[in-house]
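Visitor: this one's structure only:
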């Protein structure tokens, strides 16, 4: 009567509980479903065979059913325990950090213990000898594989403690790199020149620095060498100005440059993340190669070579129509003008500064941007593209009026800019009305393309 009345009621209750757990997306739904579909009917069958059918416990059919019921009970108990402990683990808690191998090992031990219990209670096996054999075998295997097991255990402890995660930047014994892979045996660091594999036993036994903690912000310091005769204030200004265009700097931060003596300068880049240190320092060194030569400084013992006058004359001929220059005027102006080279990503014109020369694009591509105003399409505080300039176009139109503007001109590719002294441009504007009109049109066009509310 208990089975006839109680089993259907219990199944109905468990069905309702299972539906509620599914709606809540609970990890307990699967164990409850197995309890409802398999364990309860199996247990009911076992009761019918032994209590109603009066079959002996030594009957093979009864033993098989009891074995199935025992295995199902162990499986459902493990599933429920796993769901309760780790199903909704809070991020950062020990339950969330616990490596899966620990859970698998615990599950294996419980399964073996449950199987041994079922074999002993149902089939009458003597499992005492089995436990002794497993214990002795474990000791022998542990002694034979102690080095390999030590590395695996060290890896498991690191995974459990989690002193670093994927993407963090580590400094291990002078080797700095970004963590790209973690496993039981080793940790892989991307050093920029390759991937270095470090055994976890070495990491666990030695000290290392996690540059990505406690905060992801990172100050990267390295040294640059200029000529001892280079004026320190010019070096500091050149490095600071060049570094200001790096995209990986923290917003609102300023690069610090300190003279260490003997032409050595310590540079500190305030980066958003430590993983960008290698790329940021490499980009800065690349751009400084061009900036140092434009400023007449000696970087790494190499001084700038003056550009041949013939190159300047060729650049002047490319803008001779705009400036109405004759061949005689080009030859006369060439010694007064200069060709400046900018690497990709360097700022040619910066907002808030009055240009000291009038520039034309001699080669390459330049992108002119302005701060996005409140009425801009994107509605953000970024920048909008005003124009893209190529050979022969003016890159410093506001220089004609000696005004500082909000526009930023950036070299998209390796770019050469022909710079004319403002005094020379003033003479051309006074002497040739067509030049004045064309240069004024260029300035007006850039004003018209500037977002509303911004003035150049």
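Guide: Yes, it's here. Since the model is a prediction, treat every value here as computed from it, not as a measurement.
Visitor: tell me which helix or strand of this protein sits lowest on mean pLDDT?
Guide: helix 94-97 (a mean of 54; mean pLDDT, DSSP states H and E).
Visitor: and after it, which helix or strand comes next?
Guide: Counting by DSSP states H and E, the next helix or strand C-terminal to helix 94-97 is helix 100-122.
Visitor: Report the mean confidence score over stretch 315-322.
Guide: Average pLDDT, stretch 315-322: 90.
Visitor: Begin at 19 from now on, thanks
Guide: Right, with 19 as the first residue, what we last looked at is stretch 333-340.
Visitor: which parts of that stretch are buried?
Guide: 333-334, 337, 340 (16 or more other Cβ atoms under 10 Å). Using the backbone N, CA and C atoms, a C-beta is placed for each residue, glycine as well.
Visitor: wait, doesn't residue 63 sit right on residue 82?
Guide: No - applying Cβ atoms under 8 Å as the test, residue 63 and residue 82 come out as separate, 10.6 Å apart.
Visitor: ok so, going back, let's see which of the buried residues of stretch 333-340 end up in helices.
Guide: By the criterion of DSSP state H, membership of the buried residues of stretch 333-340 in helices covers 333-334, 340.
Visitor: got TSV for those, with distance to residue 36 too?
Guide: Below are these laid out as TSV (distance: Cβ to Cβ, whole Å):
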residue	distance to residue 36
333	80
334	85
340	81
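Visitor: quick one: which of these is nearest residue 454?
Guide: Comparing those against residue 454 with Cβ to Cβ places residue 340 closest, at 11.4 Å.
Visitor: mind checking the longest helix of the protein?
Guide: Per DSSP H, the chain has its longest helix at helix 78-104.
Visitor: Give the buried residues for that one.
Guide: Buried residues in helix 78-104 (16+ other Cβ under 10 Å): 80-81, 83-94, 96-101.
Visitor: With stretch 195-206 instead?
Guide: Of the residues in stretch 195-206, those buried (16+ other Cβ under 10 Å) are 195-197, 200, 204-206.
Visitor: Pull the distance from the strand or helix carrying residue 251 to the chain's centre.
Guide: According to DSSP H and E, residue 251 maps onto helix 250-261. Distance of helix 250-261 from its chain centroid, counting by Cα atoms, centre = their mean, to the nearest Å, is 28 Å.
Visitor: Return the list of helices and strands in contact with it.
Guide: With contacts taken as 3 or more Cβ pairs under 8 Å, 6 or more residues apart in numbering; DSSP states H and E, helix 250-261 sits against strand 274-279, strand 282-289, helix 295-312.
Visitor: could you list every residue that touches residue 284?
Guide: 239-241, 275-276, 278 (Cβ atoms under 8 Å, 6 or more residues apart in numbering).
Visitor: Let me have those residues in JSON lines, extended by pLDDT.
Guide: Below are the contacts of residue 284 laid out as JSON lines (pLDDT from 0 to 100):
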{"residue": "239", "pLDDT": "90"}
{"residue": "240", "pLDDT": "92"}
{"residue": "241", "pLDDT": "93"}
{"residue": "275", "pLDDT": "94"}
{"residue": "276", "pLDDT": "94"}
{"residue": "278", "pLDDT": "91"}
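Visitor: For PyMOL, write the selection for the buried entries among those residues.
Guide: Per 16+ other Cβ under 10 Å, the buried members of the contacts of residue 284 correspond to this PyMOL selection:
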select buried, resi 275
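Visitor: which SSE is the residue lying farthest from the centre of the chain in?
Guide: Ranking residues of the chain by C-alpha distance from their mean position (Cα atoms, centre = their mean) puts residue 72 at the top, at 69.2 Å. Here residue 72, judged by DSSP H and E, is contained in no helix and no strand.
Visitor: got the phi/psi numbers for it?
Guide: Phi and psi for residue 72, reported as degrees, to the nearest 10, are phi 60, psi 40.
Visitor: can you check the one 4 residues further on too?
Guide: Note on residue 76: backbone dihedrals following degrees, to the nearest 10 are phi -90, psi 0.
Visitor: Likewise for residue 452?
Guide: According to degrees, to the nearest 10, residue 452 has phi -60, psi -40.
Visitor: which residue sits closest to residue 28 in space, ignoring its chain neighbours?
Guide: Excluding the flanking residues, the one nearest residue 28 by Cβ to Cβ, 6 or more residues apart in numbering is residue 58, at 6.5 Å.
Visitor: chain center to the helix or strand where that neighbour lies, what's the gap?
Guide: According to DSSP H and E, residue 58 maps onto helix 58-65. Taking Cα atoms, centre = their mean, one finds helix 58-65 lying 56 Å from the centre of the chain it belongs to.
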